[in-house]
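1. Structure, please.
(one chain, ligands or ions: 1)
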Amino acid sequence: MDNLHKFLVVLEGQLAVPCRLMNSIAASFRQAMLAGLSGKPSSLKMLPSFISCPTGREQGKIVAVDFGGTNVRVLFVELAGKGKTYIIDRRFFPLKDRLGTYDYTASSASGIELLNFIAGKIAEIVPPDGVYPLGHTFSFPCHQYGVNEAVLISWTKEIKTAGVEGQNVGQLLQQALARNKLGHVFPQAVINDTTGTLLAAAYNDADTMIGAICGTGHNSCYLEPCHPISNGPMIVNMESGNFDGIMQTKYDIILDQASEKPGAQRLEKIASGQYLGEIVRLIISELATNGHFLETADRLRVPYSLPTENLSTILADSSAELDEVSAVAGSCWGMRNLNASQLKAIHTIARLVTSRSARLVAATWTGVLWKIDPALSRRHTIAVDGSLYEKMPGYAEQLAKAMSDILGEKAKLVTIRLSKDGSGIGAAIAAATVFKSV
Ligand code: BGC
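-> Residues are numbered from 1 along each chain as shown. All right, here's what the predicted structure looks like:
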C-alpha cells in the first residue's frame, strides 16, 4: 500500500459513521432534547416557536421575508387553502455586493442599515394598496417570547452585522418598515427557517413532524406533541447545529478554532454546506504538507478556497479521467498537474466528508423520532430545504440510506422530502395562522 492509500484508509476510519455510532448519537441526541426541554444544561437550545401546525385551510396574500445567510429573499405568496400555495412574485437580493460596494453581513454594517435594506426590498414587491400580513423567516438562534417576538441570541454562519445580537428582530423590522413608509404591511410572526420548512410541508401533509435545513447552515425543528409552555403541540427549534455529542477530527478542530465563534455549532461545522469544502481543503492541505502531492500550491493554504459549488462539481464527476476534479483543483488552487491517484484521492475525500455529514444528520433525526414515537408506530415526514439536500450529488440518497441502515424495515414509515422554498412559504403560513384583522 503506498502512503497516499494508507492516508486514505486512516481518514476513512476517522470519518466513518457506522450503524452502532449512529445509534449511540441518536440516543444521546434524544437525551439532549429531553434535557433542553426541561431547562437542564444541553447543547440543544430547544427554542419554543409559539406556533403549531397549520390546518391547510389558511388563506390570503402574504409577504414573506426569508433571511438566512448572505442573501435575503422577499416573496409575495398566495395561500389558496386546501394545501395549495402559489408564489406570485419573488426576488432575491445579495446582502454582500460582489463588487464590494456594500456588505450588510460585515461588522462594519449596523442592524439598522441591514433592516433598512430589507425593508427597501419589501417595498419593491408589495402592492402599494391594501393590507398585507408579513411573515419573517430569520434563520438564526433566537429566544422567542411570543410568535412575533424574537431576540437574536448570537449570529451563526459567520455573519457579523453589528448591533443585532440581543435585539428584538421583530421590532427592528417593524421600525424599518415604518421608516420606509410601509404602514400597510403588518409583521405577524418571526420564525426559524426549519419551522418554515416544517409548516410549508405540513400545509399539505399532516404527517410532517420534522423540518430541517441542510444548506449553508444546518438545523432541525420538530413538532413537540405536548410542550410545557402550551400544554399542547408546539414546534420547537432545536438549534441542532449546536449539538455537541459527536467526535471532532483534528481537521474539525482546526476549522473550529479559526472560525468566528470557536466552540459553537459543532454539528453545523461538521455537516453544513458552509464548512464541508473547508474540511476537504484542510485534509488536502495536510496531504500536500506531508509530500503526498508533488505539486504544492500557495492557494491551497487560503481558507475557504473550495466553495460548496466546487465540491458539488467534484462529487458529480464520475468519469474515469476525473477531468472535472482536475479543473476544480486548477481553478481553486492552481494545481494543474495532479496525477490519476491524486485526483482520485480528492474525489474520495469529498465523498467521505459529505457522507459523514449525511449520516450524522440522519442520526439526529432518528433521535427525534425515538423521542416522539419510540415504537415507530406511524408514518412521519421529514421536510428538508437547503442547497446541500437539493443540489449536492448523492446527499439526499446518503440520507435515505443512513435512515434505512439505522431503522431497518421501519424506515419505510419515514419519508424524507424536499420542501422547496419551504423556509419562505412557511413564513407566509405562520403569518396567516396568526393574522386576524387590523
Ligand atoms: C442557525 C439556525 C438555522 C440554520 C439553517 C444555523 O446556523 O443557527 O437557526 O436554522 O443555520 O439556516
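2. Now do the same contact list for the residue in the stretch 301-438 of the chain that the ligand sits nearest to.
-> Of the residues in the stretch 301-438 of the chain, the one nearest the ligand is residue 386, at a distance of 7.1 Å by Cβ to the nearest ligand atom. Heads up, the C-betas are built off the backbone N, CA and C, glycines and all. Neighbouring residues of residue 386 by Cβ atoms under 8 Å, 6 or more residues apart in numbering: 212, 213, 214, 215, 216, 218, 273.
3. Swap in 7 Å and give it another go.
-> Shown here is residue 386, whose contacts under the criterion Cβ atoms under 7 Å, 6 or more residues apart in numbering are 213, 214, 215.
4. Return the backbone torsion pair for it.
-> As for residue 386, its main-chain torsions (degrees, to the nearest 10) stand at phi 120, psi 150.
5. Strands along the stretch 151-300 of the chain, start to end?
-> Secondary structure of the stretch 151-300 of the chain (DSSP state E, counting those that start in this stretch): strands located at 185-191, 208-214, 218-227, 232-237.
6. To residue 30, which of the ones you listed lies closest?
-> With Cβ to Cβ, the closest approach to residue 30 among the strands of the stretch 151-300 of the chain belongs to strand 218-227: 11.2 Å.
7. What residues sit buried inside that closest one?
-> Within strand 218-227, the residues scored as buried using 16 or more other Cβ atoms under 10 Å are 218, 219, 220, 221, 222, 223, 224, 227.
8. picking up where we left off before, got JSON lines for the strands of the stretch 151-300 of the chain, with distance to residue 197 and mean pLDDT too?
-> As requested, these are arranged in JSON lines below (distance: least, Cβ to Cβ, whole Å; pLDDT from 0 to 100):
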{"stretch": "strand 185-191", "distance to residue 197": "10", "mean pLDDT": "96"}
{"stretch": "strand 208-214", "distance to residue 197": "4", "mean pLDDT": "98"}
{"stretch": "strand 218-227", "distance to residue 197": "8", "mean pLDDT": "96"}
{"stretch": "strand 232-237", "distance to residue 197": "10", "mean pLDDT": "96"}
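9. quick revisit: among the buried residues of strand 218-227, which one lies nearest to the ligand?
-> The nearest member of the buried residues of strand 218-227 to the ligand, counting by Cβ to the nearest ligand atom, is residue 219 at 3.3 Å.
10. unless I'm mixing things up, that closest one is touching residue 241, no?
-> Yes. With contacts defined as Cβ atoms under 7 Å, residue 219 counts as touching residue 241 at a distance of 4.8 Å.
11. what about the closest residue to residue 398 other than its chain neighbours, which helix or strand?
-> Distances taken as Cβ to Cβ, 6 or more residues apart in numbering put residue 358 closest to residue 398, at 3.6 Å, once the chain neighbours are dropped. For residue 358, the enclosing helix or strand under DSSP states H and E is helix 340-372.
12. Going along the chain from that helix, find the next helix or strand for me.
-> Heading C-terminal from helix 340-372 (DSSP H and E), you reach strand 380-385.
13. Run me through the strand neighbours of that next one, direction for each.
-> strand 208-214 (parallel), strand 414-418 (parallel) (DSSP bridges).
14. now, of these, which is deepest in the fold?
-> Mean neighbour counts were taken over the strands paired with strand 380-385 using mean count of other Cβ atoms under 10 Å, and the top value, a mean of 28, falls to strand 208-214.
15. now the angle from it to strand 232-237?
-> If you take axes from the mean of the first three to the mean of the last three Cα atoms, to 10 degrees, strand 208-214 sits at 10 degrees to strand 232-237.
16. re earlier: ok now the helix holding residue 358, how far from the chain's centre?
-> On the basis of Cα atoms, centre = their mean, to the nearest Å, helix 340-372 is displaced by 15 Å from the centre of the chain it belongs to.
17. For that helix, list every residue counted as buried.
-> Going through helix 340-372 with 16+ other Cβ under 10 Å, the ones that come out buried are 342-347, 349-372.
18. Ok, stretch 49-66 next?
-> Neighbour-count burial for stretch 49-66 flags 49-54, 56, 58, 61-66 (criterion: 16+ other Cβ under 10 Å).
19. Just the CA atoms of that stretch, as PDB, please.
-> Once side chains and other backbone atoms are set aside, the C-alpha atoms of stretch 49-66 remain, and they are given as PDB (Å, rounded to 0.1, in the frame of the first residue of the first chain):
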ATOM      1  CA  SER A  49     -41.800  28.900  18.400                       C
ATOM      2  CA  PHE A  50     -45.300  29.600  19.800                       C
ATOM      3  CA  ILE A  51     -46.600  28.000  16.600                       C
ATOM      4  CA  SER A  52     -48.200  24.700  15.900                       C
ATOM      5  CA  CYS A  53     -49.000  23.000  12.600                       C
ATOM      6  CA  PRO A  54     -51.400  24.700  10.100                       C
ATOM      7  CA  THR A  55     -54.800  23.200   9.100                       C
ATOM      8  CA  GLY A  56     -54.100  23.600   5.400                       C
ATOM      9  CA  ARG A  57     -57.100  25.900   5.200                       C
ATOM     10  CA  GLU A  58     -55.300  29.200   5.900                       C
ATOM     11  CA  GLN A  59     -55.700  31.700   3.000                       C
ATOM     12  CA  GLY A  60     -54.600  35.100   1.900                       C
ATOM     13  CA  LYS A  61     -51.900  37.100   0.100                       C
ATOM     14  CA  ILE A  62     -49.000  37.500   2.300                       C
ATOM     15  CA  VAL A  63     -45.500  39.000   2.200                       C
ATOM     16  CA  ALA A  64     -42.700  36.700   3.300                       C
ATOM     17  CA  VAL A  65     -39.100  37.700   4.100                       C
ATOM     18  CA  ASP A  66     -36.500  35.000   4.200                       C
END
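20. is the ligand contacted by that stretch?
-> No. Stretch 49-66 lies apart from the ligand when judged by Cβ under 6 Å from any ligand atom; the minimum separation is 10.0 Å.
21. One more: stretch 213-220?
-> Yes. Interface with the ligand: stretch 213-220 contributes 213, 217, 218, 219 (Cβ under 6 Å from any ligand atom).
22. got it, and stretch 95-114?
-> No. Applying Cβ under 6 Å from any ligand atom, one finds that stretch 95-114 is not in contact with the ligand, the shortest distance being 13.0 Å.
23. For that stretch, C-alpha coordinates in PDB please.
-> Taking C-alpha atoms only, stretch 95-114 is exported to PDB below (Å, rounded to 0.1, in the frame of the first residue of the first chain):
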ATOM      1  CA  LEU A  95     -26.500  41.200   1.200                       C
ATOM      2  CA  LYS A  96     -23.000  41.400   0.100                       C
ATOM      3  CA  ASP A  97     -22.300  43.000  -3.300                       C
ATOM      4  CA  ARG A  98     -19.700  41.100  -5.400                       C
ATOM      5  CA  LEU A  99     -18.100  44.400  -6.400                       C
ATOM      6  CA  GLY A 100     -17.600  45.200  -2.700                       C
ATOM      7  CA  THR A 101     -19.700  48.400  -2.700                       C
ATOM      8  CA  TYR A 102     -21.800  47.100   0.300                       C
ATOM      9  CA  ASP A 103     -21.700  44.300   2.800                       C
ATOM     10  CA  TYR A 104     -24.600  44.200   5.300                       C
ATOM     11  CA  THR A 105     -23.200  41.000   6.800                       C
ATOM     12  CA  ALA A 106     -19.900  42.600   8.000                       C
ATOM     13  CA  SER A 107     -19.200  44.000  11.400                       C
ATOM     14  CA  SER A 108     -18.900  47.500   9.800                       C
ATOM     15  CA  ALA A 109     -22.600  47.400   8.900                       C
ATOM     16  CA  SER A 110     -25.300  48.100  11.500                       C
ATOM     17  CA  GLY A 111     -28.500  46.200  12.200                       C
ATOM     18  CA  ILE A 112     -30.400  49.400  11.200                       C
ATOM     19  CA  GLU A 113     -28.700  49.500   7.800                       C
ATOM     20  CA  LEU A 114     -29.400  45.800   7.300                       C
END
